[in-house]
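A.B. asks: requesting a structural model of the entry that follows:
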Amino acid sequence: MTHTFHIPVLGLAFSIDSAIKVAQYGISSVMSIVDDELIERMRRYYCGQYQIPYYPICTTEEDFRANRITAYLDLVQQVVNRQINSLKHQSFTENSELTKYFQLLPDSHPSKPIYHAMEIETNRAIKTELQDLLINYLKPGDINVNIMSKVDKINYKNGIPLAQHYSDALAALRGFANSTLRSSVILSAGMNPHLYAYLAELPAFFPKADSSFDKKVVLKVSDFRSSLIQAKYLAKRGVWVSEFRVESGLNCGGHAFATDGFLLGPILEEFKAKKQSLQAELFTIYQDYWLGRGLQLADSPQIKYTVQGGIGTATEHQFLLNYYEFDAVGWGSPFLMVPEATTVDNETLQALAEAEQTDFYCSGASPLGVPFNNFRPSSAEKLRLERIQKGRPGSPCKKEYLIANREFGEKPICTASRAYQHQKILELQRQQLTTEEYNKAFDTITEKTCLCEGLATPAYLKYNIQRKKEQAAVSICPGPNLYWFKKQYSLKQMIDHIYGRVSILEHSDRPFVLINELNLYIDHIQKYISDNKDKFNDKKINYVAKFKAQLQAGIDYYYKLQDQLSYLPKSTLEAIPLQLELATIRLKNLHT
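C.D. replies: Numbering: from 1, shown residues only. Have a look, this model is predicted:
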């Protein structure tokens with residue numbers, strides 16, 4: 001990788017065009033390909049920006065979803081190719097994009113000494129020679145895509161369900177496979193057997209004789225065990241996992257897939273210890289599959305290991321790379337404050353800059369039934385409350401990406417929809433509940449909010465591509481770490497911060513990333529105990545006991561880890577023993 005960080009997927013709109021903004025600087029990013037309507041509008045917008053003919057792909061066309069995705073990804077690749085070609089013909093002037101490319105690189109990059117030598121060289125012939133050498137280092141960042149595996153509704157035509165390969169996730173995967181990109185699909189949110197089986201059918205993911213790929217598969221995971229299970233499942237079908245992208249279960253943006261108290265530090269330690277055995281085990285399975293089909297692989301394909309979720313300082317970044325021997329670190333939510341890298345409307349940007357720590361919280365807002373990192377001052381949250389006050393909770397369900405509930409009929413509906421919440425509240429009213437019980441149940445029902453619309457709206461507002469009568473309410477899902485980033489930053493400021501060339505944090509009391517996650521997990525189990533205080537049975541009591549034991553094992557691990565943290569800022573390092581002691585006390589005081 002050109003850089004030692006990447007920008008993970010950020011909602012629907014926030015990183016939908018990040019590659020167009022940052023790939024020319026060698027920065028890899030990830031876009032969601034869930035929303036083909038957003039994708040089609042973005043393609044139209046950028047065709048206009050770059051004077052490229054635009055031919056609409058209508059919903060009446062065969063396989064329109066996959067074709068829209070392919071067309072947009074091809075456009076992004078075309079734009080990035082143009083940008084790189086432009087860089088190659090620029091001069092190393094003070095404000096050129098070419099100069100910016102090399103200024104942004106980490107100091108460890110092999111081209112950096114050449115660049116510095118070129119800057120001070122006075123002999124024109126030698127300077128030109130060095131510049132020509134630098135041009136050979138130009139490499140765009142990867143244009144990666146994300147598919148949430150289980151966001152995979154079956155689609156219909158004239159009331160008749162279409163074949164499985166027209167489902168949302170499979171069509172999105174086909175759209176990526178048919179594109180000109182040479183990059184990766186990041187699969188997240190668990191295992192989907194239909195999607196994984198379909199992967200094995202697509203030649204784009206087949207290995208070449210030298211064990212390289214045109215398109216790679218990346219798994220976003222929360223622990224080693226699930227990684228091994230999914231990777232073996234895929235290897236048995238001839239699909240290689242080229243990267244494990246480990247994400248903190250709670251200290252992240254978007255959906256929060258909490259482990260049962262298994263903390264990020266011990267998880268990364270397990271990956272570090274088992275990398276070689278993991279690769280050997282997977283390759284044996286994978287090789288057997290392809291040998292059975294007449295392909296002799298030259299060598300085991302590579303596996304990369306990256307980590308993301310809550311990282312906020314250069315020392316944390318470097319610690320994760322050095323101690324755990326990982327290849328790169330994902331920086332997500334902080335880039336929401338960098339308009340040069342992501343797409344956030346101005347009103348939301350201002351709200352993020354002015355936010356208090358309590359404005360970032362883990363909610364039950366997602367229709368998927370998974371905890372969701374939310375932002376209280378968002379315009380979508382204000383709209384949700386307004387609808388409740390008017391006696392019309394819930395949202396119109398137009399895109400239907402998250403429909404899954406079958407309580408009120410065979411055809412699934414979304415739990416954030418007005419149709420579902422209306423029926424659910426009528427059902428609630430027929431029950432003999434106390435006022436407290438009723439209000440609690442009512443809040444649980446109406447907390448669900450429309451993410452399909454709200455997470456796409458920022459791009460519609462930013463680029464003025466919103467249609468008449470569409471809601472302007474924005475949902476945004478930053479991780480709690482964003483609180484420490486208090487204003488808008490330039491791309492250079494953020495990258496210089498990541499690499500330790502400057503510091504943009506104004507607060508010196510920010511906890512170390514692993515300590516912050518630990519406290520989030522204690523909050524999580526504390527809330528679980530509170531929510532279930534009148535419903536405990538043996539199963540739930542055992543769950544809490546196991547959860548607390550895992551957390552305590554993590555605390556014990558962090559006590560031992562302190563010897564490896566000597567290069568953290570003194571104030572951060574000195575705070576850790578007391579923070580671990582307080583966490584231990586909080587944990588002991590949790591009772592079912």
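
A.B. asks: pull up the gap between residue 518 and residue 333, please.
C.D. replies: 19 Å (Cβ to Cβ, to the nearest Å). Every residue, glycine included, has its C-beta placed from N, CA and C.

A.B. asks: likewise for residue 49?
C.D. replies: Counting by Cβ to Cβ - residue 49 and residue 333 are separated by 27 Å.

A.B. asks: who has more neighbours, the two?
C.D. replies: residue 333 (32 against 11; other Cβ atoms under 10 Å).

A.B. asks: so that one touches residue 484, yeah?
C.D. replies: No. If you go by Cβ atoms under 8 Å, residue 333 and residue 484 don't touch, sitting 9.8 Å apart.

A.B. asks: need the contact partners of stretch 409-427.
C.D. replies: Residues outside stretch 409-427 that contact it (Cβ atoms under 8 Å, 6 or more residues apart in numbering): 153, 365, 367, 369, 392-397, 400, 402-408, 442, 445-446, 448-451.

A.B. asks: buried members of those residues into PyMOL, please.
C.D. replies: With 16 or more other Cβ atoms under 10 Å as the burial test, the buried ones among the contacts of stretch 409-427 are selected in PyMOL as follows:
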select buried, resi 153+365+367+393+394+395+397+402+403+405+442+445+446+448+449+450+451
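
A.B. asks: got the buried residues for the helix or strand hosting residue 38?
C.D. replies: Per DSSP states H and E: residue 38 is located in helix 36-49. Across helix 36-49, burial judged by 16+ other Cβ under 10 Å covers 36, 38, 39, 40, 41, 42, 43, 44, 45, 46, 47.

A.B. asks: do stretch 315-334 as well
C.D. replies: Using 16+ other Cβ under 10 Å as the test for burial, stretch 315-334 gives 315-321, 324, 326, 328-334.

A.B. asks: what's the answer for stretch 355-375, then?
C.D. replies: For stretch 355-375, using 16+ other Cβ under 10 Å, the buried residues are 355, 359-360, 362-368, 371-375.

A.B. asks: ends of that stretch, how far apart?
C.D. replies: With Cα to Cα, to the nearest Å applied, stretch 355-375 spans 9 Å between its terminal residues.

A.B. asks: and the contacts of it?
C.D. replies: Contacts for stretch 355-375 (Cβ under 8 Å, 6+ apart): 150-151, 189, 250, 252-258, 351-352, 376-377, 381, 402, 404-405, 414-416, 444, 447-451, 475-480, 482-483, 520, 523-524.

A.B. asks: same question, stretch 127-138
C.D. replies: So stretch 127-138 is contacted by 26, 84, 87-88, 92, 101-102, 109-111, 114-115, 117-118, 121 (Cβ under 8 Å, 6+ apart).

A.B. asks: can you report how many residues neighbour residue 221?
C.D. replies: Residue 221, neighbours per other Cβ under 10 Å, totals 24.

A.B. asks: how about the residue lying closest to it once chain neighbours are set aside, phi and psi?
C.D. replies: Distance criterion Cβ to Cβ, 6 or more residues apart in numbering; nearest residue to residue 221, sequence neighbours excluded, is residue 227 at 4.4 Å. Phi and psi for residue 227, reported as degrees, to the nearest 10, are phi -60, psi -50.

A.B. asks: gap between residue 227 and residue 473?
C.D. replies: Applying Cβ to Cβ, the value for residue 227 to residue 473 is 37 Å.

A.B. asks: the more surrounded of those two?
C.D. replies: Counted by other Cβ under 10 Å, residue 227 and residue 473 do not tie: residue 227 has more neighbours, with 23 against 19.

A.B. asks: list the contacts for the more buried one?
C.D. replies: 219, 221, 244, 246, 271, 278.

A.B. asks: show the pLDDT at it.
C.D. replies: With respect to pLDDT, residue 227 has a value of 96.

A.B. asks: ramachandran angles for residue 186?
C.D. replies: Torsion angles, degrees, to the nearest 10, at residue 186: phi -100, psi 120.

A.B. asks: am I right that residue 267 sits in a helix?
C.D. replies: Yes. Counting by DSSP: H, G, I helix; E, B strand; the rest coil, residue 267 is located in a helix.

A.B. asks: number of residues surrounding it?
C.D. replies: Neighbours of residue 267 using other Cβ under 10 Å come to 24.

A.B. asks: I'd say it and residue 246 touch.
C.D. replies: Yes. Using Cβ under 8 Å, residue 267 and residue 246 qualify as a contacting pair, with a distance of 6.4 Å.

A.B. asks: who touches both of those two?
C.D. replies: residue 222.

A.B. asks: show me where the stretch 1-150 of the chain has strands.
C.D. replies: Taking DSSP state E, counting those that start in this stretch as the test, the strands found in the stretch 1-150 of the chain are 5-7, 28-32, 143-148.

A.B. asks: just the CA coordinates for stretch 496-513, please, in CSV.
C.D. replies: The C-alpha trace of stretch 496-513 is given here as CSV (Å, rounded to 0.1, in the frame of the first residue of the first chain):
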residue,chain,number,x,y,z
ASP,A,496,-0.2,14.9,8.7
HIS,A,497,-2.0,14.1,11.9
ILE,A,498,-2.2,10.4,11.1
TYR,A,499,1.6,10.3,10.4
GLY,A,500,2.5,12.4,13.5
ARG,A,501,3.8,15.4,11.6
VAL,A,502,1.2,17.6,13.4
SER,A,503,-1.5,17.1,16.0
ILE,A,504,-5.0,18.4,15.4
LEU,A,505,-6.5,17.2,18.6
GLU,A,506,-7.3,20.0,21.1
HIS,A,507,-8.1,17.8,24.1
SER,A,508,-5.3,16.2,26.0
ASP,A,509,-7.6,13.9,28.1
ARG,A,510,-8.7,11.6,25.3
PRO,A,511,-8.4,8.0,26.5
PHE,A,512,-6.1,5.5,24.7
VAL,A,513,-8.1,3.7,21.9
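
A.B. asks: which parts of that stretch are buried?
C.D. replies: Within stretch 496-513, the residues that count as buried by 16+ other Cβ under 10 Å are 496, 497, 498, 499, 504, 510, 511, 512, 513.

A.B. asks: contacting residues around the helix or strand harbouring the first one?
C.D. replies: So that's residue 496. Assigned by DSSP H and E, residue 496 falls within helix 491-498. By Cβ under 8 Å, 6+ apart, the surrounding residues in contact with helix 491-498 are 3, 5, 22, 25, 100, 103-104, 313-314, 317, 331, 334-335, 337-338, 340-341, 489, 502-505.

A.B. asks: please compute how far the helix or strand following that helix lies from its chain's middle.
C.D. replies: Where DSSP H and E defines the elements, the next helix or strand beyond helix 491-498 is helix 513-531. Its chain's C-alpha centre and that of helix 513-531 lie 21 Å apart, by Cα atoms, centre = their mean, to the nearest Å.
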